[in-house]
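*Asks:* Just the structure for this:
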Amino acid sequence: MALGKGGRHMESKIPKVFICIRLRPKSSDQSKATAEYMQNLKRARIAARYAVLNGYDPEATTIYFTQFLDDSLAKERELGMKIGQVRLINCDRLWAVLDLDEDETPSSGMSSDMESAIENGIPIEYKDFSKIKTWIENYDKTSK
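*Replies:* Numbers count the residues shown, from 1 in each chain. Reported below is the predicted structural model:
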């Protein structure tokens, strides 16, 4: 077993994955947009949970920064995205999580993160959200 900082024992490194998933709603109707925004946060939590349960350390900035930054304010959104991309370069890979059943395409924020990953030599893996959701549902049924 290797020694880490301060002489602590370290297990083998857990691969760090950046969860790249849509946050901004597609709808311009305010009531629909609010519901979609909340649904997108839920999707991000499901994807991050899937990562942990499959041996990854998720960097889920979509979840983290929305706890204290207001994504509807351009300045705060840009700041969160900038810091998120700094965190991205410390990841082993990026998961672009899309609902392929719905023919979902990457949002502008996702595309920006994906460009940053390419620029920094970070591999991109496409993950189908519907398969992740089904995996979580089956996991929950069998682990109780």
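*Asks:* residue boundaries of the strands in the protein?
*Replies:* 2-3, 9-10, 16-21, 57-59, 93-98, 124-128 (DSSP state E).
*Asks:* most packed of the ones you listed?
*Replies:* strand 16-21 (a mean of 27; mean count of other CB atoms under 10 Å). C-beta coordinates here come from the backbone N, C-alpha and C atoms, glycine included.
*Asks:* Starting from that strand, tell me which strands it pairs with and how they run.
*Replies:* Neighbouring strands of strand 16-21 in its sheet, by DSSP bridges, are strand 57-59 (parallel), strand 93-98 (parallel).
*Asks:* Can you redo those as JSON lines, where the extra columns are mean pLDDT and distance to residue 139?
*Replies:* Below are the strands paired with strand 16-21 laid out as JSON lines (pLDDT from 0 to 100; distance: least, CB to CB, whole Å):
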{"stretch": "strand 57-59", "mean pLDDT": "97", "distance to residue 139": "16"}
{"stretch": "strand 93-98", "mean pLDDT": "97", "distance to residue 139": "17"}
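*Asks:* Let's have the ones you listed in CSV, adding distance to residue 140.
*Replies:* Shown next, in CSV, are these (distance: least, CB to CB, whole Å):
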stretch, distance to residue 140
strand 57-59, 18
strand 93-98, 19
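*Asks:* returning to what we had before: reformat the strands of the chain as a markdown table; add distance to residue 83.
*Replies:* Shown next, in a markdown table, are those (distance: least, CB to CB, whole Å):
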| stretch | distance to residue 83 |
| --- | --- |
| strand 2-3 | 30 |
| strand 9-10 | 26 |
| strand 16-21 | 13 |
| strand 57-59 | 11 |
| strand 93-98 | 16 |
| strand 124-128 | 20 |
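*Asks:* tell me the contacts of residue 60?
*Replies:* For residue 60, the contact set (CB atoms under 8 Å, 6 or more residues apart in numbering) comprises 19, 44-45, 47-48, 51.
*Asks:* On the pLDDT front, check the residue nearest to the spatial centre of the chain for me.
*Replies:* The geometric centre of the chain, computed from its C-alpha atoms, lies nearest to residue 19 (CA atoms, centre = their mean), at 2.1 Å. Listed pLDDT for residue 19 reads 98.
*Asks:* Just to check, residue 22 is in contact with residue 111?
*Replies:* No. Contact criterion CB atoms under 8 Å: residue 22 and residue 111 do not qualify, at 10.6 Å.
*Asks:* Sounds good, over and out.
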